[in-house]
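In: Model the following, please.
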Amino acid sequence: MFGLFRLALALEVVIHHLSGHHPVGWYSVYAFFALSGYLMTLVIQRKYTLSPHGGTNFLINRALRIYPPYLTMALTAYLLLNVPTLSPIAHQLAREPPIGLPTSGASWFSDIFILGWHLPVPKLEPQVWSVYREIFFCTAIFFVFARTRRLALAWFAGSAAYAAWTIWRGYPIFNVYTTFQGASLAYSAGTCIYHFRDRLRVLTRPLAPLIALAAILPFVFEFLRPHFFRDNSVMPFYLNVILSAYMVLLLSTLKAPARIFQIDQYLGNLAYPIYLCHLNVAIVVAAVLHWPGFVSDRLLLAALAPVLLCAWVVNKYVERTIGYGYDKRRQAAQKNANARRPAMPVAGAIPFGLRPESD
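Out: Next up is the predicted model:
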């Protein structure tokens, strides 16, 4: 039951980017990281063996989920930036990190394929820095950390030690927020939650009040932040990473009827397109309404419905067709092939129903 959580996180990012308010919007990316660490470990454990065949299927599936929506929105951004009336609005709206056309062959390659330890700026999609971390850490989870809980725990311990070091040394938040070391804490927490979920379930009762508390506390901490922490303190950020990971643990224990689960999954599938398209849509909306590219409440309200519509279109016609549609088609083909394959008798097998109870 993670779909509604993913949708809420994506909308928090939209609120932050388009209105300028950030009750918890700029922490939401790290909640995605923690959730991704959990889900990737779960999926890898259940579907992908550590083999050439398993690795190939995993990489193909991840590429088809990440790149088609991203490239669609990157192409859209390219077109918008080449329209003289839209380009100034785009540069005004997305300034940190900045939107813009890549400036060299290497930066074009990095921007298109989302590769490179430090992605160059400006970018066609400024928020793509988080997608590269997704590619990097999900690959590391597949090859290493999904396979053994001890390695996952060691990874989390190392990430937590780095976090403690940044607190002790008084690192400003933006020296941590955009780093791989900072993202490592959230991903490793999600992976460890999967590995140790049975032992951690003692922390999930009573479930409903704890979910409500974990949802409210980030806003409370952000409200209290100016009174207890300096503006660039890293402590509120780490508190929200902990709460995000705890929310993942709580939601992992939720059960729901099949119909509710399908609706939840459908809503969650809109999160990635919302995350990718909201700046492009806001640029067009501001231009149509003859507004400058300043973040504001009115821009958020005017762009929200078009953002949701764009996300629905991308999900329906790009993701479902090219992305996870491939995985469904592959599974269906494998299922049909297995059904057509005649069952081979196993020497010494005992027919079901005749097996002794003691077995």
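
In: contacting residues for residue 322?
Out: Taking CB atoms under 8 Å, 6 or more residues apart in numbering as the criterion, residue 322 is in contact with 64, 68. No exception for glycine: its C-beta is placed from N, CA and C like everyone else's.

In: Backbone torsions only: list them for it.
Out: According to degrees, to the nearest 10, the main-chain angles of residue 322 amount to phi -100, psi -40.

In: Distance check, it against residue 264.
Out: 23 Å (CB to CB, to the nearest Å).

In: do residue 191 as well
Out: Noted for residue 191: a distance of 22 Å to residue 264, by CB to CB.

In: what comes up buried for the lengthiest helix in the chain?
Out: Determined from DSSP state H, the single longest helix within the chain is helix 52-81. When burial is assessed from 16 or more other CB atoms under 10 Å, helix 52-81 yields the following buried residues: 57-58, 61-62, 64-74, 76-77, 80-81.

In: now the stretch 201-350 of the chain, which segments are flagged as low pLDDT?
Out: By pLDDT under 70, the weakly predicted segments of the stretch 201-350 of the chain are 325-335, 337-339, 341-350.

In: per-residue confidence at residue 119?
Out: At residue 119, the predicted lDDT confidence score is 66.

In: hang on, the earlier thing: looking at residue 191 and residue 264, which one has more neighbours?
Out: It is residue 191, of residue 191 and residue 264, that has more neighbours when counted by other CB atoms under 10 Å, with 31 against 19.

In: Quickly find the element holding that one.
Out: Take DSSP states H and E as the rule and residue 191 turns out to sit in helix 180-195.

In: got the buried residues for whatever helix or strand comes next after that helix?
Out: Sequence-wise, the next helix or strand downstream of helix 180-195 (DSSP H and E) is helix 197-200. Residues of helix 197-200 classed as buried under the neighbour-count rule (16+ other CB under 10 Å) are 197, 200.

In: And for stretch 259-279?
Out: The neighbour-count criterion (16+ other CB under 10 Å) identifies 264, 267-279 as the buried residues of stretch 259-279.

In: Secondary structure and distance to residue 297 added to these, as JSON lines?
Out: Putting the buried residues of stretch 259-279 into JSON lines (DSSP: H, G, I helix; E, B strand; the rest coil; distance: CB to CB, whole Å) gives the following:
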{"residue": "264", "secondary structure": "helix", "distance to residue 297": "29"}
{"residue": "267", "secondary structure": "helix", "distance to residue 297": "24"}
{"residue": "268", "secondary structure": "helix", "distance to residue 297": "27"}
{"residue": "269", "secondary structure": "coil", "distance to residue 297": "28"}
{"residue": "270", "secondary structure": "coil", "distance to residue 297": "23"}
{"residue": "271", "secondary structure": "helix", "distance to residue 297": "22"}
{"residue": "272", "secondary structure": "helix", "distance to residue 297": "25"}
{"residue": "273", "secondary structure": "helix", "distance to residue 297": "23"}
{"residue": "274", "secondary structure": "helix", "distance to residue 297": "18"}
{"residue": "275", "secondary structure": "helix", "distance to residue 297": "20"}
{"residue": "276", "secondary structure": "helix", "distance to residue 297": "23"}
{"residue": "277", "secondary structure": "helix", "distance to residue 297": "20"}
{"residue": "278", "secondary structure": "helix", "distance to residue 297": "15"}
{"residue": "279", "secondary structure": "helix", "distance to residue 297": "17"}
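
In: out of those, who's nearest residue 9?
Out: Proximity of these to residue 9 (CB to CB) peaks at residue 271, which lies at 6.7 Å.

In: how near is that closest one to residue 265?
Out: Using CB to CB, one obtains 11 Å as the distance from residue 271 to residue 265.

In: ok, so what distance separates the residue most central in space within the chain from residue 135?
Out: Centroid-nearest residue in the chain, with CA atoms, centre = their mean: residue 32, separated by 4.0 Å. Distance of residue 32 to residue 135, computed by CB to CB: 13 Å.

In: Equivalent analysis for residue 248, please.
Out: Residue 248 sits 20 Å away from residue 135 when distances are taken as CB to CB.

In: More neighbours: these two, which one.
Out: residue 248 (25 against 17).

In: Isn't the more buried one up against residue 41?
Out: No. Applying CB atoms under 8 Å, one finds residue 248 not in contact with residue 41, separated by 11.1 Å.

In: Which neighbours do those two have in common?
Out: Any residue near both residue 248 and residue 41 by CB under 8 Å, 6+ apart counts here, and that gives residue 190.

In: Tell me where the stretch 1-150 of the chain has helices.
Out: For the stretch 1-150 of the chain, the helices defined by DSSP state H, counting those that start in this stretch occupy 3-19, 28-47, 52-81, 87-93, 105-113, 129-140, 149-169.

In: ok so, going back, return the member of the buried residues of stretch 259-279 nearest to residue 11.
Out: Using CB to CB, the buried residues of stretch 259-279 come closest to residue 11 at residue 274, 6.9 Å.

In: which residues does the closest one contact?
Out: In this structure, residue 274 makes contact with 7, 10-11, 13-14, 307-308, 311, judged by CB under 8 Å, 6+ apart.

In: Please enumerate the helices of the stretch 201-350 of the chain.
Out: Along the stretch 201-350 of the chain, the segments classed as helices by DSSP H, counting those that start in this stretch run 207-228, 235-252, 258-268, 271-288, 297-314, 320-322, 324-340.

In: Compute the inter-axis angle for the longest one and helix 3-19.
Out: When you say that, I think you mean helix 207-228. Here helix 207-228 runs at an angle of 20 degrees relative to helix 3-19 (axes from the mean of the first three to the mean of the last three CA atoms, to 10 degrees).
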